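J.: Requesting a structural model of the entry that follows:
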Amino acid sequence: MPKLKINGTEVEVPQGTSIIQAAEQIGVEIPRFCYHDKLSVPANCRMCLVEVKGGPPKPVASCAMACAEGMEIETESPMVHRARKSVMEFLLINHPLDCPICDQGGECDLQDQAVGYGYDRSRYTEDKRAVKDKYLGPLVKTVMTRCIQCTRCIRFGEEIAGVDALGLLNRGEDVEIGTYVEKAVASELSGNLIDVCPVGALTSKPYAFHARPWELKKTETIDVMDGVGSNIRIDSRGREVMRILPRLNEEVNEEWISDKARFSYDGLARRRLDRPWIKNAQTGKLEQASWEDAFNLIADKMKQTKPFDMAALVGNQVDMESVQALKTFMNNAGCNNLECRVDGGHFDATNASGYLFNGGIDSLETADAVLLIGTNPRIEAAMINARIFKGYRDHGTKVALIGESCDLNYPYEHLGDKPSDIETLMKSRSGFAKVMKEGGNVQVILGAGATQRKDGAALQKTAMELASKFGAGYNMLHLTAGRVGALTLGFTKTPNPLNFQSKSFVYLMGVDTPIINQIDKKAFVVYQGHHGDAGAHRADVILPGCAYTEKDALYMNTEGRLQQARKAVSAPGEAQEDWKIISLLAKTCGHDLGYRSIFDVRKSMIGLPPLGERLRPDMQAVAFDDKIGAAKFSLSLENFYQTCPITRASDTMEACVTAFVNKTKRIKAA
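T.: Just a heads-up that it's a prediction; the model follows:
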């Protein structure tokens with residue numbers, strides 16, 4: 001490991017470490033534009049110049065030069081300052097004076113570096129160049145005259161998102177970034193282009209001209225748009241969420257988030273439930289009511305109903321505290337008919353190793369082989385798909401799919417679309433079976449396209465046996481943020497999903513899936529949630545709850561990692577946190593749960609890992625003897641942008657459906 005000195009401070013770094021990386025280790029900041037620690041090194045902006053004593057007689061690009069034994073680096077010498085000032089003057093030759101109207105203002109790398117190395121006037125007297133703005137879709141706004149050709153956006157598309165829509169066109173003074181044929185960037189991660197752009201060339205269309213960064217309150221929390229549990233930061237002003245940005249977590253989402261997590265926030269303000277409603281028995285219409293009237297009506301109905309004739313279901317985005325409160329309430333009322341598998345999933349819910357992503361999300365980028373069964377991770381979990389692509393790019397990961405063929409952004413071997421193809425693979429000794437047998441880190445991923453079938457439990461057992469035979473890791477990919485937490489708390493009736501069709505009293509907490517159509521038309525339905533979606537339309541009583549941005553709560557992602565969401569804004573109207581609603585309702589029904597704060601609820605949840613850590617259960621066999629069926633696999637999701645009440649209420653997500661999903665359908669039809 002080479003030792004070197006940077007500004008007189010000695011540092012020892014691994015072989016191959018660049019000077020800019022070594023400087024970061026000792027807290028020395030070197031300005032840069034093109035360099036990004038998650039992307040390849042192009043060394044084309046020249047802003048990171050440093051002086052190597054006894055080396056070249058001119059400054060060198062610190063991002064492209066590796067550290068060597070005995071090097072002496074100066075990052076603040078007169079030579080370096082002169083060089084950086086010249087580079088900055090060159091970069092600003094054609095840059096427009098847009099700072100007062102630019103959405104990047106206040107968090108712009110070019111602004112920051114210009115303070116230290118810029119001049120207060122320009123010596124350039126020629127005509128400035130202007131570049132036509134490009135259309136990249138409904139999410140990313142372009143002002144290409146601001147572009148400094150750092151190529152971060154190009155490298156992100158090719159190396160992280162797996163799409164090569166952007167490129168560098170022309171040469172010399174005419175060089176510009178764009179698409180050869182004008183088209184939208186069809187990637188589920190396109191919003192990250194905004195983050196990697198160091199200037200105001202790429203900004204957010206939905207956020208444009210809405211706020212300045214210094215006006216916003218910043219709250220670190222968790223995304224609930226899928227089962228990954230990406231770490232995010234919510235920027236809000238007053239009661240309004242203004243934007244959502246990624247937060248660094250190397251084990252989960254690195255520093256990226258999906259477009260659904262980033263841009264669906266406008267749905268939080270639309271179609272909201274902000275007060276209790278009761279259905280008029282005479283007219284069949286919902287009417288505004290007080291909390292007391294709503295609670296009394298529910299309490300009366302529960303007293304008139306036998307415990308075995310009641311059922312409670314929790315939806316896809318319900319937090320763990322609310323699940324625990326509802327479970328305790330229903331159990332105290334004598335009812336054990338509980339279910340969280342509201343997508344119709346059939347799998348062993350008693351075996352944690354059977355329903356968790358056991359290998360961990362970060363294991364995918366070093367995998368030798370990945371077998372996908374009944375899943376399209378690009379649609380179902382974009383950040384997990386990005387990990388698989390990273391493994392393919394950096395590690396040569398080989399990928400195979402058993403299920404309906406789909407458009408992934410990396411090559412894969414399609415082994416078939418029937419469950420019997422799993423058994424065929426188990427018996428094989430060549431092809432992908434040989435790859436799995438010889439690989440050191442092999443991961444099997446079972447998706448919702450398999451578990452949502454009636455033979456899902458048998459497929460789960462078969463997939464676990466396949467993984468065991470080849471010494472591979474077994475993983476189940478969940479699509480929703482609340483599922484694993486509810487399963488861990490035991491909110492389910494095993495072994496098969498609850499048969500609630502004949503129940504006369506059904507309590508729905510955040511359930512808006514098509515499964516509600518199976519409820520008996522004569523049943524009394526209570527809906528507790530935050531949006532006027534499908535569940536509210538079926539309800540006899542509506543209790544307004546809080547969305548994930550409006551409460552402190554615990555969630556467990558698909559790999560069993562316990563994470564905390566934090567309150568960013570206040571709930572509208574009379575809406576309350578879900579666990580509080582249950583606690584107050586229980587008092588009305590004569591069952592005091594003893595919950596005075598959210599910490600009381602958490603104390604009653606046992607067997608959970610420490611915050612930020614994963615559940616790590618011992619692998620156990622699934623005790624199912626069902627036989628797998630002959631029907632072909634089908635995908636559980638086709639529309640990435642509208643999967644929950646929040647995204648269905650979002651105008652931005654609707655624009656994405658028009659631009660990407662409907663366009664793809666038209667192309668396939670043609």
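
J.: All the helices of the stretch 1-150 of the chain, residue numbers only.
T.: Along the stretch 1-150 of the chain, the segments classed as helices by DSSP state H, counting those that start in this stretch run 19-25, 78-91, 109-117.

J.: of all the ones you listed, which lies closest to Lys469?
T.: Lys469 sits nearest to helix 19-25 of all those, at 42.2 Å, using C-beta to C-beta. (C-beta placed from N, C-alpha, C; glycine too.)

J.: and the helices of the stretch 1-150 of the chain as CSV, adding mean neighbour count?
T.: Output for the helices of the stretch 1-150 of the chain, formatted as CSV (neighbours: other C-beta atoms under 10 Å):
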stretch, mean neighbour count
helix 19-25, 20
helix 78-91, 17
helix 109-117, 16
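
J.: helix/strand/coil for Glu158?
T.: Following DSSP: H, G, I helix; E, B strand; the rest coil, Glu158 is assigned to helix.

J.: before we move on, what about the one 10 residues further on?
T.: Taking three-state DSSP as the rule, one finds Leu168 in the strand state.

J.: Spit out the contact partners of Thr480.
T.: Asp226, Gly227, Asn316, Gln317, Asp343, Cys644 (C-beta atoms under 8 Å, 6 or more residues apart in numbering).

J.: got it, and Arg602?
T.: Glu321, Leu554.

J.: Helices of the stretch 501-650 of the chain, start to end?
T.: Under DSSP H, counting those that start in this stretch, the stretch 501-650 of the chain gives helices at 534-538, 578-588, 598-603, 645-648.

J.: so of these, which one's packed in deepest?
T.: helix 645-648 (a mean of 24; mean count of other C-beta atoms under 10 Å).

J.: what are the ranges of the strands in the stretch 551-670 of the chain?
T.: 553-556, 562-565 (DSSP state E, counting those that start in this stretch).

J.: Would you reformat these as a markdown table and include distance to Gly70 and mean pLDDT?
T.: Shown next, in a markdown table, are the strands of the stretch 551-670 of the chain (distance: least, C-beta to C-beta, whole Å; pLDDT from 0 to 100):
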| stretch | distance to Gly70 | mean pLDDT |
| --- | --- | --- |
| strand 553-556 | 50 | 98 |
| strand 562-565 | 45 | 98 |
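
J.: ranking the ones you listed by burial, who's on top?
T.: It is strand 553-556: most buried of the strands of the stretch 551-670 of the chain by mean count of other C-beta under 10 Å, with a mean of 26.

J.: Low-confidence bits of the chain, can you list those?
T.: 623, 625, 663-670 (pLDDT under 70).

J.: Now the nearest residue to Met619 once chain neighbours are set aside: which helix or strand?
T.: Once flanking residues are discounted, Met619 sits nearest to Ser353: 4.7 Å by C-beta to C-beta, 6 or more residues apart in numbering. Ser353 is located in helix 352-355, with elements delineated by DSSP states H and E.

J.: Check which helices and strands that helix is in contact with.
T.: strand 473-476, helix 483-488 (3 or more C-beta pairs under 8 Å, 6 or more residues apart in numbering; DSSP states H and E).

J.: Just the residues contacting it, thanks.
T.: Applying C-beta under 8 Å, 6+ apart, the set of residues contacting helix 352-355 is 347-349, 460, 464, 474, 476, 478, 484, 487-488, 560, 615, 617-620, 622.

J.: what about stretch 344-352, start to end distance?
T.: 18 Å (C-alpha to C-alpha, to the nearest Å).

J.: ok, now stretch 205-222?
T.: First-to-last distance for stretch 205-222 - C-alpha to C-alpha - comes to 23 Å.

J.: try stretch 153-169
T.: 14 Å.

J.: Quick check: Leu479 vs Cys656, distance?
T.: Counting by C-beta to C-beta, to the nearest Å, the separation of Leu479 from Cys656 is 18 Å.

J.: before we move on, what about Arg123?
T.: Where Cys656 is concerned, Arg123 sits at a distance of 45 Å (C-beta to C-beta).

J.: More neighbours: which of those two?
T.: Cys656 (27 against 7; other C-beta atoms under 10 Å).

J.: distance of the more buried one from Val224?
T.: 18 Å.

J.: and if you look at Ala565?
T.: 7 Å.

J.: any residues in contact with both of the two?
T.: Common neighbours of Ala565 and Val224 (C-beta under 8 Å, 6+ apart) are Tyr548, Tyr555.

J.: List the buried residues in stretch 227-244.
T.: By neighbour count on 16 or more other C-beta atoms under 10 Å, the buried set for stretch 227-244 is 227-236, 241-244.

J.: Mind checking which of these land in strands?
T.: With strands taken from DSSP state E, the overlap with the buried residues of stretch 227-244 comprises Asn231, Ile232, Arg233, Ile234, Asp235, Ser236, Val241, Met242, Arg243, Ile244.

J.: In contact with the last one, which residues?
T.: Put plainly, it is Ile244. Asp223, Ile232, Arg233, Ile234, Asp235, Ile257, Ala261, Arg262, Phe263, Tyr265.

J.: quick one, phi/psi of the residue nearest the centre of the chain?
T.: Nearest to the geometric centre of the chain sits Ser230, at 4.4 Å (C-alpha atoms, centre = their mean). Backbone torsions of Ser230, given as degrees, to the nearest 10, read phi -60, psi 140.
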